[in-house]
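In: sequence and predicted structure are below.
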Amino acid sequence: MSNLEVLKTYKLYIGGAFPRTESGRFYNPISKQGEVLGNICLSSRKDLRNAVVAARKAQGPWEERSAFNRSQILYRIAELFSDRKEIFLKEFQKQGSSLEAATIEFSTILDRMVYYAGWCDKYNQVLSSVNPVNSSHFNFSTCEPMGIVALIAPPSTALIGLVSLILPALAGGNTVVALASENLPISAISFAEVLNDSDVPAGVVNILTGKQEEIAPIMASHMDINAFISSDLGSIENPIAIACIDNLKRKFTYFEDFNLPESQGLNFISDLQEIKTTWHPIENIGGSTSTY
Amino acid sequence: MENKKNTSEAHEWVYSPSLESTSHIEIKGKYELFINNEWVAPTSNKYFDTINPADEKVLSKIAWANEQDVDKAVKAARKAYDEVWSKISAMDRSKYIFRLARMMQEKARELAVIETLDAGKPMRESRDVDIPLACNHFFYYAGWADKLEYAFPNQKTEALGVVGQIIPWNFPLMMAAWKIAPALAAGNTVVLKPAETTSLTALKLAEIIKEAGIPPGVINIITGHGDTGEAIVKHPDINKIAFTGSTQVGKAIQKALVGTGKRSTLELGGKSANIIFDDAPIDQAVEGIVNGIFFNQGHVCCAGSRLYVQENIAEKVVEKLKHRMKSLILGNPLDKNTDIGAINSKEQLQTIEKYIQIGIQEGAELFQCEGTLPATGFYCKPSIFTNVSQSSVLSQEEIFGPVLTIQTFRTIDEVIQKANNSPYGLAAGVWTDKGSKIFNLTSKLKAGVVWANTYNKFDPASPFGGYKESGFGREGGMHGLGAYLKIIK
């Protein structure tokens, strides 16, 4: 028996499959300890486009799942993530975290998964309304997912930033095309493996690795993406914001420190919802009343 | 179809004129800018004419505000925000807004007549739709001012400050109300610019604001053209821009706001699908088609401009629609018999006529009401096109006039695909007698407002706004408050 370690090749996650980048390119992110993390896929425009196609295909069926079912799937993510604690602690440490910091990041992520799993079948009750209009109509407003959410993971965290943005999008019935942290990408791919084993349908979450400055502008100008979310993008913030206007992507920038337990909430879900109002006449011709 | 005349195969009805009186209205020869509850001459000393699109006669002269004037208005609004509006009790804010609503109701008929004169819309619409909805909007939001904590439970909110609001010409006073009422209720002060062709009712509202004793500077109304709007958008001391208008201008505004930290809501264009199934009540649906596309001469952002009829009833529906169109009365907007008034401006008429030509060139089949148009003024015959392809310019671009495209479909899946195949997502209509089918469709149509077995209904309590390139944010209802508040963590 050989004790030689088998090294893992990190891939992309597109449409429920794990391809390497079509471009064949790679880059070598360096951990805080100066160690090369691997030959990580340097995603291309074509990878992003493939991911958007996969997300669009998944969008309809995903948003039509019952809220209860989405809740169960999100909870299932928590179950499998919990199961793989050791892998993630090892990876967080490999990417430069202390054991203590890694443990806190893991536990906070796990709680956040349970938290958003519980929101799936509640946010619409909280955010909807029946509107008493001044005519004989039944009128109500409910939430609907925006669609495909492009997401740039906060660069400073291995996983919690990415997960904190993906989960509320999923809870609300959106699909996601995400770019992992440029320098801390490997646990994002291990997380993709969790998603893949958790009944999350193929294409609902797609995760790329690569350079923010290359992928973010392509996301921002893609005409079939509905929303764009990220943490502070620094110098590329304004050009990205301008590119998003071509198809009026809803754009949100979050400045929260996602390591904090309180950096979660209904607003992360509601930001990615559209309000739809439906009208229907109420027949009112008989003159009878409900008096008894 | 000529004034007051109705031609149909069987009868020729002639309606006696039923003109609304204009004797009780007052339009000044010239209007200045309304800043700090005072009428202020524009620094440019420039004025432009506002005309009646029904006869092209000048109604009044309107001040043309430049950057300096905008700055004056913003300073007034900022001072009013800092010193008055953010200091007084929510109950007092509420009572001021209620006052406005009631005083507008008192003057409703005058407002309606002026709206019809300035905008060209039929008197019946101004009287029964625009003005009541404008008054009701103030009445609805007045009551929210002291109840904001119920709209955002568990969250603390704060007003944004000074908001700049730029509104279109299709529902002039109603759009002013949609903008001003929630802004004030949430605690903001306002600089509002009406569209250059329809300033008058906003200026009449200014008179009411003064008469109602709203504190000076809380609502400032400044008039002008696109450059005036641009000065509002670019003014550094404005916290939020609310815009209703074309998608093109909306995108330009949004680009100008990047990096400024200003918030925005945009209510933009549409190309809304109106879908008729074979189990629909056909006669009601035909009324819905007419209301959907010919209401306000089709100058409606949510107009049902793409009609989809199930194939097996298409012939019958089109035949009934044509028959119904023959009884539409086009003419003097002041006449209470009039169904179709004047197109708002010469420019808009040219745009509509351009699209009608494109439709003909694309090979679509045009049907228009018979009759001759009035000699003066801007008019367009209600028009429908059949034989339209999904990719045609006619069925893709917003026309903003009384022009309908008609396509057919066989299955639900097909019509959902076709309806959603648009960069816009403002509204949609569905006509069927089957409830479960309605809910299947209403949940799959990507549009902010869906009317089932009705069309073009509006209400202050009902949130309105679009998906996709029809803009973002909602106006009306509890959700409309969110556009004028920030959530404090």
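Out: That came through fine.

In: only C-alpha atoms for contact and neighbour calcs from this point on.
Out: Noted.

In: so which bits of chain B are right by chain A?
Out: Chain B has residues B:251, B:254-255, B:258-259, B:423, B:442, B:447-454, B:459-464, B:467-469, B:471-472, B:474, B:477 near chain A, with proximity defined as C-alpha under 8 Å from any C-alpha of the partner chain.

In: one more pass at 7 Å, please.
Out: B:251, B:255, B:258-259, B:447-454, B:459, B:461-463, B:467-469 (C-alpha under 7 Å from any C-alpha of the partner chain).

In: show me the beta-bridge partners of residue B:367.
Out: Here residue B:367 sits in beta bridges with residue B:384, going by DSSP bridges.

In: that one against residue B:382, yeah?
Out: No: with contact defined as C-alpha atoms under 7 Å, residue B:367 does not reach residue B:382; the gap is 8.5 Å.

In: who has more neighbours out of these two?
Out: The neighbour comparison of residue B:367 against residue B:382 (other C-alpha atoms under 10 Å in any protein chain shown) goes to residue B:382, with 23 against 16.

In: how near is the nearest residue to that one once chain neighbours are set aside to chain A?
Out: Excluding the flanking residues, the one nearest residue B:382 by C-alpha to C-alpha, 6 or more residues apart in numbering or on different chains is residue B:402, at 5.1 Å. Using C-alpha to the nearest C-alpha, to the nearest Å, residue B:402 is found at 23 Å from chain A.

In: out of the residues of chain B next to chain A, which are buried?
Out: Buried residues within those, defined by neighbour count using 16 or more other C-alpha atoms under 10 Å in any protein chain shown: B:251, B:255, B:258, B:447-454, B:459, B:461-463, B:467-469.

In: just the residues of chain B next to chain A: which are in strands?
Out: B:449-452, B:467-468 (DSSP state E).

In: farthest-apart pair in those, please.
Out: Greatest spacing in these, by C-alpha to C-alpha: B:452 and B:468 (21.0 Å).

In: show the contacting residues for residue 120.
Out: Going with chain A. A:67-68, A:70-71, A:171-172 (C-alpha atoms under 7 Å, 6 or more residues apart in numbering or on different chains).

In: I was after chain B.
Out: Applying C-alpha under 7 Å, 6+ apart to residue B:120 gives the contacts B:52-54, B:333, B:341-344.

In: and the pLDDT at the nearest residue to residue B:453 once chain neighbours are set aside?
Out: Spatially, and ignoring its direct neighbours in sequence, residue B:453 is nearest to residue B:431 (4.7 Å; C-alpha to C-alpha, 6+ apart). Residue B:431 carries a pLDDT value of 98.

In: thought residue B:431 was touching residue B:277?
Out: Yes: between residue B:431 and residue B:277 there is a contact under C-alpha under 7 Å: 6.0 Å.

In: look up phi and psi at the most centrally placed residue in chain B.
Out: Closest to where the C-alpha atoms of chain B average out (C-alpha atoms, centre = their mean) is residue B:171, at 4.0 Å. Per-residue torsions, residue B:171: phi -130, psi 70 (degrees, to the nearest 10).

In: quick one: contacts for it?
Out: residue B:130.

In: just the CA atoms of stretch B:198-210, as CSV, please.
Out: C-alpha atoms of stretch B:198-210 as CSV (Å, rounded to 0.1, in the frame of the first residue of the first chain):
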residue,chain,number,x,y,z
THR,B,198,-47.8,69.2,-20.5
SER,B,199,-46.7,71.5,-17.8
LEU,B,200,-50.0,73.1,-17.0
THR,B,201,-51.7,70.8,-14.5
ALA,B,202,-48.4,70.6,-12.5
LEU,B,203,-48.4,74.4,-12.4
LYS,B,204,-52.0,74.3,-11.3
LEU,B,205,-51.0,71.9,-8.6
ALA,B,206,-48.4,74.4,-7.6
GLU,B,207,-51.1,76.9,-7.0
ILE,B,208,-52.9,74.4,-4.9
ILE,B,209,-49.7,73.6,-2.9
LYS,B,210,-49.5,77.3,-2.1
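
In: how far is it from where the chain is centred?
Out: Distance, stretch centre to chain centre, for stretch B:198-210: 17 Å (C-alpha atoms, centre = their mean, to the nearest Å).

In: quick check: mean pLDDT of it?
Out: For stretch B:198-210, mean pLDDT is 98.

In: name the residues of it that are buried.
Out: For stretch B:198-210, the neighbour count (16+ other C-alpha under 10 Å) marks B:198-206, B:208-210 as buried.

In: next up, phi/psi of residue 176, please.
Out: This is for chain A. phi -130, psi 140.

In: think we crossed wires, I meant chain B
Out: Per-residue torsions, residue B:176: phi -60, psi -40 (degrees, to the nearest 10).

In: just residue B:51 next, same as before
Out: Backbone torsions of residue B:51, given as degrees, to the nearest 10, read phi -120, psi 160.

In: and for residue A:67?
Out: Note on residue A:67: backbone dihedrals following degrees, to the nearest 10 are phi -60, psi -40.

In: my read: it touches residue A:119, true?
Out: No: using C-alpha under 7 Å, residue A:67 is not in contact with residue A:119, being 9.1 Å away.

In: hmm, back to that, list the contacts for the residue nearest to residue B:382?
Out: Going by C-alpha under 7 Å, 6+ apart, residue B:402 touches B:293-294, B:297-298, B:382-383.

In: pull up the gap between residue B:274 and residue B:312, please.
Out: Residue B:274 is 17 Å from residue B:312, where distance means C-alpha to C-alpha, to the nearest Å.

In: higher neighbour count, the two?
Out: Using other C-alpha under 10 Å, the more surrounded residue of residue B:274 and residue B:312 is residue B:274, with 30 against 13.

In: which SSE is the residue nearest the centre of chain A in?
Out: For chain A, the residue nearest the mean C-alpha position is residue A:166 (2.0 Å; C-alpha atoms, centre = their mean). Counting by DSSP states H and E, the element that carries residue A:166 is helix A:160-171.

In: how far does that helix sit from the chain's center?
Out: Centroid displacement of helix A:160-171 relative to its chain, using C-alpha atoms, centre = their mean, is 4 Å.

In: what sits up against it?
Out: With contacts defined as C-alpha under 7 Å, 6+ apart, helix A:160-171 is touched by A:70, A:105, A:109, A:113, A:116-117, A:119-120, A:153-154, A:175-176, A:180, A:258-259, A:268-269, A:272.

In: how about stretch B:89-101 as PDB, C-alpha atoms only?
Out: Extracted in PDB, the C-alpha atoms of stretch B:89-101 (Å, rounded to 0.1, in the frame of the first residue of the first chain):
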ATOM      1  CA  SER B  89     -44.200  65.400  13.200                       C
ATOM      2  CA  ALA B  90     -45.200  62.600  11.000                       C
ATOM      3  CA  MET B  91     -48.900  63.400  11.800                       C
ATOM      4  CA  ASP B  92     -48.400  66.900  10.500                       C
ATOM      5  CA  ARG B  93     -46.800  65.600   7.300                       C
ATOM      6  CA  SER B  94     -49.800  63.300   7.000                       C
ATOM      7  CA  LYS B  95     -52.300  66.200   7.500                       C
ATOM      8  CA  TYR B  96     -50.600  68.400   4.900                       C
ATOM      9  CA  ILE B  97     -50.800  65.600   2.300                       C
ATOM     10  CA  PHE B  98     -54.400  65.000   3.100                       C
ATOM     11  CA  ARG B  99     -55.000  68.700   2.600                       C
ATOM     12  CA  LEU B 100     -53.500  68.600  -0.800                       C
ATOM     13  CA  ALA B 101     -55.700  65.600  -1.800                       C
END
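
In: chain center to that stretch: distance?
Out: With C-alpha atoms, centre = their mean as the basis, stretch B:89-101 stands 25 Å off its chain's centre.

In: give me the mean pLDDT for that stretch.
Out: Here stretch B:89-101 scores 98 as its mean pLDDT.

In: same question for stretch B:402-412.
Out: Averaging pLDDT along stretch B:402-412 yields 98.

In: what residues does the stretch 1-150 of chain A have near chain B?
Out: Residues of the stretch 1-150 of chain A lying near chain B by C-alpha under 7 Å from any C-alpha: A:131-134.

In: if you set the cut-off to 6 Å instead, what comes out?
Out: For the stretch 1-150 of chain A, the residues found near chain B under the criterion C-alpha under 6 Å from any C-alpha of the partner chain are A:131, A:133.
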